[in-house]
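Here is the input, now give the coordinates:
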Amino acid sequence: MEREPEITPEVQLAMDMNCVKNDIDQEGFDYTFTSKSSYGDVENTEFHTLRKDYLEAQRKLECFIEDNADEQYDEIFD
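This next block holds a predicted model:
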């Protein structure tokens with residue numbers, strides 16, 4: 001009979017990241033973090049800091065592209 005591994009913080013993180021990786025493999029990276037889940041059950045500060053930084057960078061990049069594409073295009077072609 002196999003014994004269950006002790007659920008240390010390292011083991012829990014590995015289990016959590018395996019679930020996140022599976023979501024990424026099935027849904028894609030962007031959708032996993034922007035729409036699928038906020039992963040509130042993951043108890044890792046670094047993960048949530050990086051996840052929030054990614055979402056903020058994605059939002060800023062999207063706004064930059066939208067703002068500049070419309071403004072520059074209108075100035076050139078109007």
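
Just the pLDDT at the most centrally placed residue in the chain, thanks.
Geometric centre of the chain, nearest residue: F33, 3.3 Å, by Cα atoms, centre = their mean. For F33, the pLDDT comes out at 94.

Ok, M1 next?
68.

Next: the one 5 residues further on.
Residue-level confidence at E6 comes out at 81, pLDDT.

and it, how many residues sit next to it?
7 (other Cβ atoms under 10 Å). For glycine as for every other residue, the C-beta is placed from the backbone atoms N, C-alpha and C.

Could you check how far it is from Y39?
Distance, E6 to Y39, by Cβ to Cβ, to the nearest Å: 23 Å.

cool, I7 as well?
18 Å.

between these two, which one's more packed in?
Per other Cβ under 10 Å, whichever of I7 and Y39 has more neighbours is Y39, with 17 against 9.

is it true that the more buried one touches V20?
Yes - with contact defined as Cβ atoms under 8 Å, Y39 and V20 form a contacting pair (6.6 Å).

what's the offset of the strand or helix carrying Y31 from the middle of its chain?
Take DSSP states H and E as the rule and Y31 turns out to sit in helix 29-31. Mean C-alpha position of helix 29-31 versus that of the full chain (Cα atoms, centre = their mean, to the nearest Å) differs by 7 Å.

cool, and stretch 22-42?
Counting by Cα atoms, centre = their mean, stretch 22-42 comes out at 6 Å from the chain centroid.
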